[in-house]
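In: task: produce atomic coordinates for the following.
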Amino acid sequence: MEDNILKELYPIRNCEFEKNENGLVVVFYKNTKPSFIEKIFFKKLINKPYKIDLDEIGSYIYEICDGKFNTNEIVQKSKEHFGEKVEPVEQRVIKFIEMLNKNKLITLYEKR
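Out: Model prediction:
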């Protein structure tokens, strides 16, 4: 997806999450389309959600993927919150949002 188009889209979380004892986000992802092998050999694990532990920056970004801010605004908020720690901020945030979208942890939509 082109960066310019992505900057105008609004990410919204698809998965439940909680914060751990360190204040970092743990995302609970449920595999909605198990493979043939998973269905046969891992029946008990099919409905069990996967846990994905995010780091400090990923936690911050995932929490604000609530549909209120577009990607460009999330880039700016991340820069204000983390400063130099997140540089190169635009590339990192966009890559992270693309990864979340590809793995169906968020959905990107356009406000009209």
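In: so which elements touch the helix ranked longest in the chain?
Out: In the chain, with assignment by DSSP state H, the single longest helix is helix 89-102. Applying 3 or more C-beta pairs under 8 Å, 6 or more residues apart in numbering; DSSP states H and E, we find helix 89-102 packed against helix 3-7, strand 10-13, helix 56-63, helix 71-82, strand 106-109. The way it works is simple: take the backbone N, C-alpha and C, and place the C-beta from them, glycine included.
In: now render these as TSV, adding mean pLDDT, distance to residue 94 and mean neighbour count.
Out: Formatted as TSV, the helices and strands packed on helix 89-102 follow (pLDDT from 0 to 100; distance: least, C-beta to C-beta, whole Å; neighbours: other C-beta atoms under 10 Å):
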stretch	mean pLDDT	distance to residue 94	mean neighbour count
helix 3-7	78	6	13
strand 10-13	96	11	19
helix 56-63	97	11	19
helix 71-82	97	7	17
strand 106-109	96	11	18
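In: circling back: who's in contact with the longest helix of the chain?
Out: Contacts with helix 89-102, where a contact means C-beta atoms under 8 Å, 6 or more residues apart in numbering, come from 1, 3, 6-7, 11, 57-58, 61-62, 65, 71, 74-75, 78-79, 82, 86, 106-108.
In: now that helix: average pLDDT?
Out: Regarding helix 89-102, the rounded mean pLDDT is 95.
In: please export the C-alpha coordinates of that helix as PDB.
Out: This file holds the C-alpha atoms of helix 89-102, laid out as PDB (Å, rounded to 0.1, in the frame of the first residue of the first chain):
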ATOM      1  CA  VAL A  89       9.300   7.700  13.200                       C
ATOM      2  CA  GLU A  90       7.400   7.800   9.900                       C
ATOM      3  CA  GLN A  91       8.900   4.700   8.500                       C
ATOM      4  CA  ARG A  92       8.600   2.800  11.800                       C
ATOM      5  CA  VAL A  93       5.000   3.700  12.400                       C
ATOM      6  CA  ILE A  94       3.900   3.000   8.800                       C
ATOM      7  CA  LYS A  95       5.700  -0.300   8.700                       C
ATOM      8  CA  PHE A  96       4.100  -1.400  12.100                       C
ATOM      9  CA  ILE A  97       0.600  -0.400  10.900                       C
ATOM     10  CA  GLU A  98       1.100  -2.200   7.600                       C
ATOM     11  CA  MET A  99       2.200  -5.300   9.600                       C
ATOM     12  CA  LEU A 100      -0.800  -5.100  12.000                       C
ATOM     13  CA  ASN A 101      -3.100  -4.800   9.000                       C
ATOM     14  CA  LYS A 102      -1.500  -7.700   7.100                       C
END
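In: right, I'll call it a day here.
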